[in-house]
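S.K.: Make a model of this:
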Amino acid sequence: MLEHSKPSLSEPQASELVQRVFSLTPSEVRPLPSYEDQNFYVATAEGGEYVLKIMNSEDSKDPNLIEVQTYAMSFLHENGLPAQTALPTASGKLMSLEEMDFGHGCQKFMVRLLTYLPGTTVSKLHLTPQLLYDIGSTAARMEKILKEMTHPHLSVLQREGFNWSLSNVPLLERFLYVLDGDPLQEVIKSIIQQYKTSVVGKYPDFRKCINHGDFNDLNVLMQPDETDCYRISGIIDFGDLNSGYYIHELAIAIMHMMLEHPNPIEVGGPVLAGWESVLPLNEAEKECLYVLVMCRFCQSLLLARYAVTLHPENEEYLMSTSRKGVGILRELWELGKKQAEKAWFQSAAQFADKK
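M.R.: I've put the predicted structure just below:
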């Protein structure tokens with residue numbers, strides 16, 4: 001992401017945008033956390049609740065990509081998963097390219113108004129084995145549905161230079177300098193090397209699909225049901241949608257749920273059991289899960305540190321994952337592949353037996 005590509009609307013500007021573009025009357029507007037884009041919660045006098053999403057100027061240059069992301073949300077919603085849908089603009093389109101100046105010259109930003117999904121982020125909940133199982137099974141259901149999606153611009157999801165794709169782990173080498181002087185740099189170098197030697201050759205055996213790409217503790221929402229058990233009430237943020245592989249999404253889900261658990265190694269078993277209740281892994285996928293989980297930690301740590309160099313004012317949000325992740329990555333690295341896999345796969349088998 002380029003240094004000045006993130007939008008920075010004020011609340012009055014966001015309110016004006018909603019009125020002008022969507023012909024709605026905001027009664028409440030407040031900012032929501034964001035990484036590269038800008039999000040606002042919007043309640044309207046007409047009675048609806050929405051998220052106003054202003055894409056960063058770089059991603060806004062690719063309307064076909066945003067169109068596919070928006071369609072994917074709608075496709076999941078139609079197929080029974082709790083994803084947001086986009087509200088049409090006053091002219092009947094699902095997005096609008098708006099020109100704005102935040103002090104760096106005029107730039108264009110793609111704007112959408114998405115339905116607001118109620119719920120608490122996973123990051124704020126006590127993660128029981130059952131919740132982790134549900135997260136794993138929902139992630140797999142989502143991937144299975146997305147695999148059936150067709151769209152005339154589906155090719156935009158190839159995203160060959162996309163830093164967050166687990167197909168592109170070697171691209172992380174260009175960001176290693178942000179860890180100069182930090183012993184963690186050598187660990188990450190070793191993990192990237194393991195990816196090259198033990199994962200790359202297995203790609204022909206991985207099953208292809210479309211990855212949500214960011215099934216994390218902040219993008220999965222939950223609400224209590226009538227029995228006070230939590231159920232998934234929302235899957236948000238499709239900005240990382242890309243052509244990938246089933247095993248990538250599982251690795252992403254495990255890594256991010258590890259961040260929210262007092263005993264991170266225990267997370268893999270129930271998430272894996274939930275996933276395999278929908279999509280059992282093949283041998284090549286099983287063989288690479290441990291390294292891919294570590295690679296996702298590497299992406300998260302390196303790219304967050306890099307983003308802080310561009311946006312120091314957003315350090316608290318950008319580093320929220322990174323701070324927890326360093327210790328967990330070290331623990332996973334020191335445990336080693338054999339012991340981590342034993343813990344995950346034995347636990348998953350025990351969990352599945354109870355079902």
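S.K.: Could you use CA atoms for every contact and neighbour count after this?
M.R.: OK.
S.K.: okay, residue 4: pLDDT?
M.R.: Per-residue confidence (pLDDT) for residue 4: 57.
S.K.: which SS class is residue 111?
M.R.: When classified by DSSP: H, G, I helix; E, B strand; the rest coil, residue 111 comes out as strand.
S.K.: which strand residues sit across from it in the sheet?
M.R.: residue 54, residue 96 (DSSP bridges).
S.K.: ok, it - contacts?
M.R.: 52-55, 95-98 (C-alpha atoms under 8 Å, 6 or more residues apart in numbering).
S.K.: could the residues you listed go into a markdown table alongside pLDDT, neighbour count and distance to residue 28?
M.R.: Converted to a markdown table, the contacts of residue 111 look like this (pLDDT from 0 to 100; neighbours: other C-alpha atoms under 10 Å; distance: C-alpha to C-alpha, whole Å):
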| residue | pLDDT | neighbour count | distance to residue 28 |
| --- | --- | --- | --- |
| 52 | 98 | 26 | 12 |
| 53 | 97 | 22 | 15 |
| 54 | 96 | 26 | 17 |
| 55 | 94 | 24 | 21 |
| 95 | 96 | 24 | 21 |
| 96 | 96 | 20 | 21 |
| 97 | 96 | 17 | 23 |
| 98 | 95 | 15 | 22 |
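S.K.: Please identify which of those is nearest to residue 193.
M.R.: Residue 193 has its nearest neighbour among the contacts of residue 111 in residue 55, at 34.0 Å by C-alpha to C-alpha.
S.K.: Give the burial count for the closest residue in space to the closest one that isn't next to it in sequence, as a bare number.
M.R.: Counting by C-alpha to C-alpha, 6 or more residues apart in numbering, residue 55 lies nearest to residue 37, which is 4.7 Å off, once chain neighbours are set aside. Per other C-alpha atoms under 10 Å, the neighbour tally for residue 37 reads 21.
S.K.: Also the one 5 residues further on?
M.R.: Applying the criterion other C-alpha under 10 Å, we find 25 residues in the vicinity of residue 42.
S.K.: Now for it: which residues touch it?
M.R.: Taking C-alpha under 8 Å, 6+ apart, we find residue 42 in contact with 26-30, 49-52.
S.K.: Those residues in helices, which ones?
M.R.: Among these, no member is found in helices (DSSP state H).
S.K.: which of those lies closest to residue 285?
M.R.: residue 51 (36.4 Å).
S.K.: so how far is residue 353 from the closest one?
M.R.: Using C-alpha to C-alpha, to the nearest Å, residue 51 is found at 41 Å from residue 353.
S.K.: Check residue 314 too.
M.R.: Separation of residue 314 from residue 353 (C-alpha to C-alpha) stands at 45 Å.
S.K.: More neighbours: the two, which one.
M.R.: Using other C-alpha under 10 Å as the criterion, residue 314 and residue 353 rank with residue 314 on top: 15 against 9.
S.K.: Look at the nearest residue to that one once chain neighbours are set aside and say how many residues are nearby.
M.R.: Nearest non-adjacent residue to residue 314, counting by C-alpha to C-alpha, 6+ apart: residue 308, 7.0 Å away. Neighbours of residue 308 under the rule other C-alpha under 10 Å: 16.
S.K.: any idea of the mean pLDDT in the helix or strand harbouring residue 248?
M.R.: Counting by DSSP states H and E, the element that carries residue 248 is helix 246-258. Helix 246-258 carries an average pLDDT of 97.
S.K.: Run through who's touching that helix.
M.R.: The contact list for helix 246-258, computed with C-alpha under 8 Å, 6+ apart, reads 132, 135-136, 139-140, 143, 166, 206-217, 264-265, 267-268, 271-272, 275, 281, 285, 289-290, 292-294, 296-297, 328.
S.K.: same thing with stretch 125-139?
M.R.: Contacts of stretch 125-139 (C-alpha under 8 Å, 6+ apart): 215, 230-232, 249-250, 253, 257, 260-261, 267, 270-278.
S.K.: burial of residue 347, as a residue count?
M.R.: 20.
S.K.: next one: the one 4 residues further on
M.R.: Using other C-alpha under 10 Å, residue 351 is surrounded by 19 other residues.
S.K.: what's the helix or strand harbouring it in contact with?
M.R.: Secondary structure from DSSP H and E places residue 351 in helix 337-354. With contact meaning C-alpha under 8 Å, 6+ apart, helix 337-354 is reached by 265-273, 277, 290-291, 332.
S.K.: Can I get that helix in CSV? Just the C-alpha atoms.
M.R.: Only the C-alpha atoms of helix 337-354 are listed here, as CSV (Å, rounded to 0.1, in the frame of the first residue of the first chain):
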residue,chain,number,x,y,z
LYS,A,337,6.5,-29.7,13.2
LYS,A,338,6.2,-33.2,14.6
GLN,A,339,4.9,-32.2,18.1
ALA,A,340,2.6,-29.5,16.7
GLU,A,341,1.0,-31.9,14.2
LYS,A,342,0.7,-34.5,16.9
ALA,A,343,-1.1,-32.1,19.2
TRP,A,344,-3.5,-30.9,16.4
PHE,A,345,-4.3,-34.1,14.7
GLN,A,346,-4.8,-36.2,17.8
SER,A,347,-7.0,-33.5,19.4
ALA,A,348,-9.0,-33.2,16.1
ALA,A,349,-9.6,-37.0,16.0
GLN,A,350,-10.7,-37.0,19.7
PHE,A,351,-13.0,-34.1,19.1
ALA,A,352,-14.5,-35.8,16.0
ASP,A,353,-15.1,-39.0,17.9
LYS,A,354,-17.3,-37.1,20.4
